[in-house]
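Student: here you go, sequence then predicted model.
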Amino acid sequence: GVSIASGSTTDLSDSERFDGAVLAVPPYEVVRLLTPTALRDARYRSLIETCEAFEFQPIVTAYLKYREPPQWAARMLALAPAPHLDVFGQWAFNRSERLPDRDTHKPNAARGLVAVVISADGAHRGLEQSELLATIAKQLATQCGMPSQPLDSRLIFEKRATFACTPALVRPDIDTPHPHLMIAGDFVAEGRNLKVTPPVP
């Protein structure tokens, strides 16, 4: 089986034992979690090196508040990016239901919330946050009929949101040297069928 301990790696007093475990974490977390094991067991070093070789791409999400929710036929819209024209948004989502006070009668309450996603690296990374938010607001006004000036806006930048699909990228299999420890995630190689054997009563 597999023993899982919380706290430091030297104090195993707060641990629990399981028949098996799955590391459903990004590759850099696989490296962090298994490096101590690789120092003791050379079989893990190839897996560590494979996970260390990954490069990553960012995802930027902009949230814009409006007086009223968008009047779209769908909750998600595909936008028309044109980076050479400083138009970067790729997808827009109506998230107005996430606003807790959208149904109140406060005169200044925001009842509309739109999320815009920009995947991967690009020219938008060279803009200041205020500039990028302004270009996204303009794009929503032009392509989606939203007001040109949102009430408020915020940018969330995930630097390692997804791995980069680079040429000749080696991706690890789900198996590890331990027969009861596997890894899972979008970075793991495909093509292996799992056969789960039910426990014997």
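Tutor: Sure, I can see it. Numbering: from 1, shown residues only.

Student: drop to CA atoms for contacts and neighbour counts, all remaining ones
Tutor: Noted.

Student: measure the residue lying closest to Ile156 once chain neighbours are set aside to Val114 for me?
Tutor: What sits nearest to Ile156 in space, not counting adjacent residues and going by C-alpha to C-alpha, 6 or more residues apart in numbering, is Thr61, at 5.2 Å. Taking C-alpha to C-alpha, to the nearest Å as the measure, Thr61 falls 10 Å from Val114.

Student: out of these two, which sits in the more crowded spot?
Tutor: For the pair Thr61 and Val114, the greater number of neighbours falls to Val114 (23 against 19), based on other C-alpha atoms under 10 Å.

Student: ok, that one touching Glu97?
Tutor: No. Contact status for Val114 versus Glu97: not in contact, 10.2 Å apart, counting by C-alpha atoms under 8 Å.

Student: below-threshold pLDDT in the chain: ranges please.
Tutor: Confidence mapping of the chain against pLDDT under 70 gives the ranges 7-13, 101-107, 191-201.

Student: now the strands for it?
Tutor: Along the chain, counting by DSSP state E, strands occupy 2-5, 15-18, 21-23, 56-66, 76-78, 91-94, 112-119, 152-163, 181-183.

Student: just checking: what are the partner strands of the first one?
Tutor: In this case it means strand 2-5. strand 15-18 (antiparallel) (DSSP bridges).

Student: export the strand it pairs with to PDB, keeping only CA atoms.
Tutor: Extracted as PDB, the C-alpha positions of strand 15-18 are listed here (Å, rounded to 0.1, in the frame of the first residue of the first chain):
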ATOM      1  CA  SER A  15      -0.100   9.300   8.600                       C
ATOM      2  CA  GLU A  16      -2.600   7.000   7.100                       C
ATOM      3  CA  ARG A  17      -2.200   3.900   5.000                       C
ATOM      4  CA  PHE A  18      -4.200   3.200   1.800                       C
END
